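Undergrad: can't give you the sequence, but here's the structure:
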């Protein structure tokens, strides 16, 4: 049966290889190997391992290909496909059962013929080659190649064989590989499964010698395997028998082992019981011997006392003698009782051992209970001394012998007489008598020591009881004088509860201690911690201190912060980075600024005491939290003290820098964009909130503080040994040339221009132009970098990075080729990106890179290129002019660049290009807030006068706004006079453009300038309105009227003199009202209210007008009082209204008048809306 099965398998294998069904053959190979039929898979193994069929290089290339889909999706797809295919095949098998039943009869008929042919093929091994050759010739000549119907039958037969053999996966693969035939439908032909396979197999066998030899080899191998299998079965039976015998022996040994263990355990228990009983008996014997020794010592003491008082025995009363005789009798009875107890105790050892044990017992020290020694009756006192205190009389400097001697001396006077009579009884009992001298001297010494020790303990007790009562009545400023007493009591008192109470009093000594008092208290705690040790510091000092962590007063919470740093040295290391660190973490959340500052300071002191860096990331998070604190004092402490401590302790500078840059960018990125229009420049800029602005500011300060550490690390990591010989040449051109070759990594050096500069550029591109403060911080950092790393680094590294970032060309020779792509990626690629780079990155290039002291000439050349050369070139578009002007304005915030900028500005003023002159006007206008009056008089005004005298009207009129900016920021009389003269020069031609430009130019200066300039403006407005405008051009009339109305409303909100109001303001308004077609309705209503208030109309009329205009009831306006508003109080004092004026009335108080004028018609908001953007820009600079 195995031979037939092997034949069928070989037949299928040969068919698959001959018909080139390689996928099916490969799947069959794996299933044969999984079933353990390795001998059937020999041919398949050789075929697939043949390098001629499957070249190794091609296989490795296929293996290197990556699957496009994720692995999990592929596995799910394969599992689903397999399940689906199996379900389909099971359905097909059910359908094919009917066809199988029909062909079953035919198969049974043909089976004997196939078996007979198989037997005949195995008859003679010697004649096999001739038969094979004969068949080969016959079939080659007669059969020929397979026909289509034969191939279809064989395909179906192979499929049936694979299914019957259980190779379902191979059958699925074969089904997919045969694409030109439906294997589920087998035509009704004479062929069946076995017939078709055998027919094909023997046809193949007769045509190839190799197949015949393979079959013979398989038969021989099969026979040898059968014999080996029988031999293995026999050996298996023997091993099973041996295993049963071994199991029986093991079970017997386990039982005996358990019995031995049980017996051993019982014996151990017996030994423990015997040992315990022996220890109890030994202890009881020692106690008895100690009692005997104690009694002997008391007897000797009484004898020595008896010798001292023998001369006074006759004076004792008879009643006292009787009492002492009774005491001696009771003492003798006690001795007899103890002797009987000793005789009952089992004896162990000889007399020498007993003597040694007795000596050891005498060396023990038994402390005295004060309460038991304070007994009035002499007999009770003797009993107590005999049982507890006898051993203390023979020990020197151990225990408390002073207490015993003091008790003996207390009752000494009452016992002397009785001792004399008792001495004879003691001698009768066989006790040896001692000499009188030695016990007397020993007792005197003990009395002195007892008195001093007892006095010290009592003093501590008295002090501990009295201090809590004394403290409240001592002045607060003098309570620190009690600290030595408190420290002594806390250190020496034996009771823990009392010590806790005193420690609580120590920390609450002063209700709100100032800095000096807190330091005194903390010094006392440190001294106490040194004396009491780690355990008492942890269990007594720290808990009392930390009870103050939630105290109402911040001064008490400051004590907690100080204790974390100063007491940490005196506790165990594992307490420092766990409990103390958690306390500090809670303190940095405190609401008081001084507490958070103290927490930062003491955390810096605490870090060097940590046993390891396991808590590094927690400490780093706390550091960044303190750095972002809203208080500048806390931030300063964190940057100056905590940051260096964290770097020194943790040694993770790279991680701090990486987190810092991430925080800087995320602080800006989480802010909303300036505009929601996608693709505009404003959509890239961010509206910074106060919190985000503060965070970025402190992060840039932190980056500046880290710069020395970055530089030091770059120096230490320098891979060029020749360069490290001299620190001055470390970052020289030669070192940068070695670095540019890229053979050696220098990560600490690359961080600055590969990571830091690109992130700073990215941050700058998110900051609006008004964020000059943050831009100044970035500039300081860049200047510090050039100062640390030197001129070579500035020229060859920093400048190329920022030049490329603003869109200029730069030399990357000193950069390794590996980072060229990253540096070139900073170049702006779109028009919006170019404008953004000019607006945001150019200021950093000018002030932070080219602004270095050593690059003054390069800065001047670059500015001349931007401002002068670009304007002189023909067909050169002046794109990004506003952004360039703003960048130069930012450069003007640095005073040392002023002279250079004015030199370039003068070149622009005297140039021939109109655009260049207009750019000069814009620059002069924006730099006015950053210069002083002297520079304005010597540089700005002469340049503006020159530009104002230009023949080109466009240049001339453009300079008027710059004069207005000067008037807005300076109130110097000389400057104001020059401005008035120049304004008159502009108005001489009487053109409409000049008139509107002068009025609008001076309008922005009205709230800030002097009274002289305001009077000048209102007088000019009166002159312009008195002259009728051209009736033909309505647009010019409206433009003039709007400019005049805006100026009048601005002037009305200021302190105009009464003369100016009467002679210029009201007449000008009257003139404007004569041309209602040119007036805007809002302006018309506002100036009507102004003229009614200023002309002194009745209050009811005014209130109605204001109520209609402001939308409020007229009764509410009674708050302002009644009367006209012609002039101000101070103006009325100098120049009262003239009697001939029919509308002049008594003026109201100044505050009422001005408040009503400011509130009128929402004018102030209109004026501020017009000028706020400019003013805000100037103030934020």
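TA: Good, I have the coordinates. Note that the coordinates shown come from a computational prediction; the quantities given were computed from them, not determined experimentally.
Undergrad: Mind telling me what element residue 590 is part of?
TA: Under the criterion DSSP states H and E, no helix or strand holds residue 590.
Undergrad: if I look at residue 855, how far off is residue 847?
TA: 11 Å (CB to CB, to the nearest Å). For every residue, glycine as well, the C-beta is placed using N, CA and C.
Undergrad: swap that for residue 778, sorry
TA: Distance, residue 778 to residue 847, by CB to CB: 9 Å.
Undergrad: Settle it for me: which of those two has more neighbours?
TA: residue 847 (26 against 23; other CB atoms under 10 Å).
Undergrad: what's the closest non-adjacent residue to that one?
TA: residue 779 (4.5 Å; CB to CB, 6 or more residues apart in numbering).
Undergrad: Please give the element, helix or strand, for the one you found.
TA: Taking DSSP H and E as the criterion, residue 779 maps to helix 772-789.
Undergrad: How far off centre is the biggest helix by length in the chain?
TA: Assignment by DSSP state H gives helix 209-308 as the longest helix of the chain. Its chain's C-alpha centre and that of helix 209-308 lie 56 Å apart, by CA atoms, centre = their mean, to the nearest Å.
Undergrad: And it, what does it pack against?
TA: In terms of contacts (3 or more CB pairs under 8 Å, 6 or more residues apart in numbering; DSSP states H and E), helix 209-308 is packed against helix 2-18, helix 128-142, helix 193-207, helix 318-344, helix 351-363, helix 412-428, helix 437-470.
Undergrad: pLDDT on the fourth one, on average?
TA: So that's helix 318-344. Throughout helix 318-344, pLDDT has a mean value of 65.
Undergrad: ok, now the fifth one?
TA: Helix 351-363 comes out with an average pLDDT of 39.
Undergrad: Tell me which residues of the strand or helix carrying residue 915 come out buried.
TA: Assessed by DSSP H and E, residue 915 sits inside helix 914-927. Neighbour counts using 16 or more other CB atoms under 10 Å place 915-927 of helix 914-927 among the buried residues.
Undergrad: now those in a markdown table, with distance to residue 626 and pLDDT?
TA: Formatted as a markdown table, the buried residues of helix 914-927 follow (distance: CB to CB, whole Å; pLDDT from 0 to 100):
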| residue | distance to residue 626 | pLDDT |
| --- | --- | --- |
| 915 | 52 | 89 |
| 916 | 51 | 90 |
| 917 | 53 | 92 |
| 918 | 50 | 92 |
| 919 | 47 | 91 |
| 920 | 48 | 93 |
| 921 | 48 | 93 |
| 922 | 44 | 93 |
| 923 | 43 | 93 |
| 924 | 45 | 93 |
| 925 | 43 | 93 |
| 926 | 38 | 93 |
| 927 | 39 | 93 |
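Undergrad: Among these, which pair sits farthest apart?
TA: Farthest pair in these (CB to CB) is 915 and 927. Separation: 18.6 Å.
Undergrad: what about the spatially most central residue of the chain, which helix or strand?
TA: The residue lying closest to the centre of the chain (CA atoms, centre = their mean) is residue 621, at 3.8 Å. Using DSSP H and E, residue 621 maps to helix 616-627.
Undergrad: For that helix, enumerate the helices and strands it packs against.
TA: Secondary-structure packing of helix 616-627 (3+ CB pairs under 8 Å, 6+ apart): helix 581-587, helix 593-606, helix 632-637, helix 643-650, helix 653-669, helix 690-716.
Undergrad: can we see that at 6 Å?
TA: Packing contacts for helix 616-627, counted by 3 or more CB pairs under 6 Å, 6 or more residues apart in numbering; DSSP states H and E, involve no helix or strand.
Undergrad: Quick one: residues in contact with it.
TA: By CB atoms under 6 Å, 6 or more residues apart in numbering, the residues outside helix 616-627 that reach it are 585, 588, 600, 634, 638, 642, 646, 650, 698, 702.
Undergrad: What count of nearby residues applies to the second one?
TA: Applying other CB under 10 Å, we find 21 other residues in the vicinity of residue 588.
Undergrad: And the pLDDT at it?
TA: So, for residue 588, pLDDT stands at 94.
Undergrad: quick one, what contacts the nearest residue to residue 685 once chain neighbours are set aside?
TA: Nearest residue to residue 685, sequence neighbours excluded (CB to CB, 6+ apart): residue 674, at 4.2 Å. Neighbouring residues of residue 674 by CB under 6 Å, 6+ apart: 682, 685, 687.
Undergrad: Make a markdown table from those residues and add pLDDT, distance to residue 285 and neighbour count to it.
TA: Formatted as a markdown table, the contacts of residue 674 follow (pLDDT from 0 to 100; distance: CB to CB, whole Å; neighbours: other CB atoms under 10 Å):
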| residue | pLDDT | distance to residue 285 | neighbour count |
| --- | --- | --- | --- |
| 682 | 92 | 102 | 15 |
| 685 | 94 | 97 | 22 |
| 687 | 94 | 94 | 12 |
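Undergrad: and which of those is nearest to residue 227?
TA: Nearest to residue 227 among the contacts of residue 674, with distances taken as CB to CB, is residue 685, at 90.8 Å.
Undergrad: how close does the closest one sit to residue 556?
TA: The gap separating residue 685 from residue 556 is 48 Å, by CB to CB.
Undergrad: Repeat that for residue 917.
TA: To residue 556, residue 917 is 69 Å away according to CB to CB.
Undergrad: and what of residue 690?
TA: Remark: distance between residue 690 and residue 556 (CB to CB) = 32 Å.
Undergrad: more neighbours, those two?
TA: Taking other CB under 10 Å, residue 690 and residue 556 do not tie; residue 556 has more neighbours (22 against 8).
Undergrad: Retrieve the pLDDT associated with that one.
TA: Per-residue confidence at residue 556 stands at 88 (pLDDT).
Undergrad: Residue numbering should commence at 29 henceforth.
TA: In the new count, where the first residue is 29, that last one comes out as residue 584.
Undergrad: if we can go back for a sec, continuing past the helix holding residue 807, what's the next helix or strand?
TA: Per DSSP H and E, helix 800-817 leads on to helix 819-821 as the next helix or strand towards the C-terminus.
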